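> next input, structure requested:
(chains A and B)
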Protein chains: 2
Amino acid sequence: MTRICVDMDEVMADTLGEHLRRYNNEFGESVTREELRGKGLWDVVASDRLDKLRAFLDEEDFFANLPIFPDAQRVLEELSQRFDIFIATQAMSVPNSFGAKYRWLQRHFPFLPPSRYVFCGDKSILRADYLIDDLPRNLLRFEGTGLLYSAPHNMAATEFTRMNNWLEIAEYFRERA
Amino acid sequence: MTRICVDMDEVMADTLGEHLRRYNNEFGESVTREELRGKGLWDVVASDRLDKLRAFLDEEDFFANLPIFPDAQRVLEELSQRFDIFIATQAMSVPNSFGAKYRWLQRHFPFLPPSRYVFCGDKSILRADYLIDDLPRNLLRFEGTGLLYSAPHNMAATEFTRMNNWLEIAEYFRERA
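Now for the predicted structure:
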């Protein structure tokens, strides 16, 4: 069966949205996704705030309550009936996130057993046909077909097939098997 | 560069030894590795003790202080200079173990960066040339060359190249590249 690996942060989960919410709340700012076009949050924040930006990720509850991107649950459940789905998330740089990520996946994607979760650091380790990811560097290391999930920071990238939302993912795989 | 994936429990870490220690301590028994030849601890324990046997694994400190198998550190450090080494551990069935496994690897194998750790449930996801593992079912799912690390429970298996200790692993890879 054809295998699809799906990244979690910024593909299934609106991690940037949660990061923005905490940042704006802490510093009385109102930075939006739209303002970040072509850049990451790290690129627009004053250097004396970078430590705090990092610290948000280490808070125990950061990854516990991430919003889900629209249609991600329904489309992934449909795809899981025709494809071998694995969730591959970069967790090793934020070891505090392991438990919260595990529980978030169980709560929102109960049709995928934990045996399909992969917590890793280098996505070249994945043996799969497709990888849906927001980071071009992950797709470059992956040996199968990479699909770039749109995020503000990657809007300038042109070398990958781009998925703007989960309806486009459903459409892309409709005729594939 | 040729890539080797190494399982953690029962290959790098004497997980069974720790399990036996806790079991014997709790029940006043003296079960040894030798007695388990051809069997797992699960196979020899009375059914009313299986819940407790499982509960040991969920204790926060179980995976924190596992003994290291002889020569594992030195041989892995040498191999890491000639091969691309990843640690692939079945962590998804014991989610409490994530943090302790991460810290154990950092403490005892500091020459391997966390980006080389893979916490997974199904080892068919690994893209690598070799997998060293004590579980025949993991090796059967793996698409590269499987090497069976000897453990009491797998002594009857004959379908894989067997490694009895880390000196044999060093020898096996001496002429390979």
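
> for chain A, which segments count as strands?
A:3-6, A:84-90, A:117-120, A:130-133, A:145-149, A:161-163 (DSSP state E).

> switch those over to CSV; also include mean pLDDT and mean neighbour count.
Bear in mind the C-beta positions are built from the backbone N, C-alpha and C, glycine included. Formatted as CSV, those follow (pLDDT from 0 to 100; neighbours: other C-beta atoms under 10 Å in any protein chain shown):
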stretch, mean pLDDT, mean neighbour count
strand A:3-6, 98, 24
strand A:84-90, 97, 22
strand A:117-120, 98, 26
strand A:130-133, 98, 26
strand A:145-149, 98, 21
strand A:161-163, 98, 16
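
> in PDB, could you pull the C-alpha coordinates for the longest helix along chain A?
Secondary structure of chain A per DSSP state H: the longest helix is helix A:15-27. Presented in PDB, the C-alpha positions along helix A:15-27 are these (Å, rounded to 0.1, in the frame of the first residue of the first chain):
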ATOM      1  CA  THR A  15       1.500  25.600  15.700                       C
ATOM      2  CA  LEU A  16       2.300  29.100  14.400                       C
ATOM      3  CA  GLY A  17      -1.100  30.300  15.500                       C
ATOM      4  CA  GLU A  18      -0.500  29.200  19.100                       C
ATOM      5  CA  HIS A  19       3.000  30.700  19.000                       C
ATOM      6  CA  LEU A  20       1.600  34.000  17.800                       C
ATOM      7  CA  ARG A  21      -1.100  33.900  20.400                       C
ATOM      8  CA  ARG A  22       1.400  33.500  23.200                       C
ATOM      9  CA  TYR A  23       3.800  36.000  21.800                       C
ATOM     10  CA  ASN A  24       1.100  38.700  21.300                       C
ATOM     11  CA  ASN A  25      -0.300  38.100  24.700                       C
ATOM     12  CA  GLU A  26       3.100  38.300  26.400                       C
ATOM     13  CA  PHE A  27       4.300  41.400  24.700                       C
END
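
> how far away is A:Pro113 from A:Glu175?
27 Å (C-beta to C-beta, to the nearest Å).

> more neighbours, those two?
Just comparing A:Pro113 and A:Glu175: by other C-beta atoms under 10 Å in any protein chain shown the higher neighbour count belongs to A:Pro113, 12 against 6.

> OK, contacts around the residue nearest to that one when sequence neighbours are not counted?
Spatially, and ignoring its direct neighbours in sequence, A:Pro113 is nearest to B:Gly121 (7.5 Å; C-beta to C-beta, 6 or more residues apart in numbering or on different chains). Contact analysis of B:Gly121 by C-beta atoms under 8 Å, 6 or more residues apart in numbering or on different chains lists A:Pro113, A:Pro114, A:Ser115, A:Arg116, A:Tyr117, A:Val118, B:Gln90, B:Ala91, B:Met92, B:Ser93.

> done for today, thanks.
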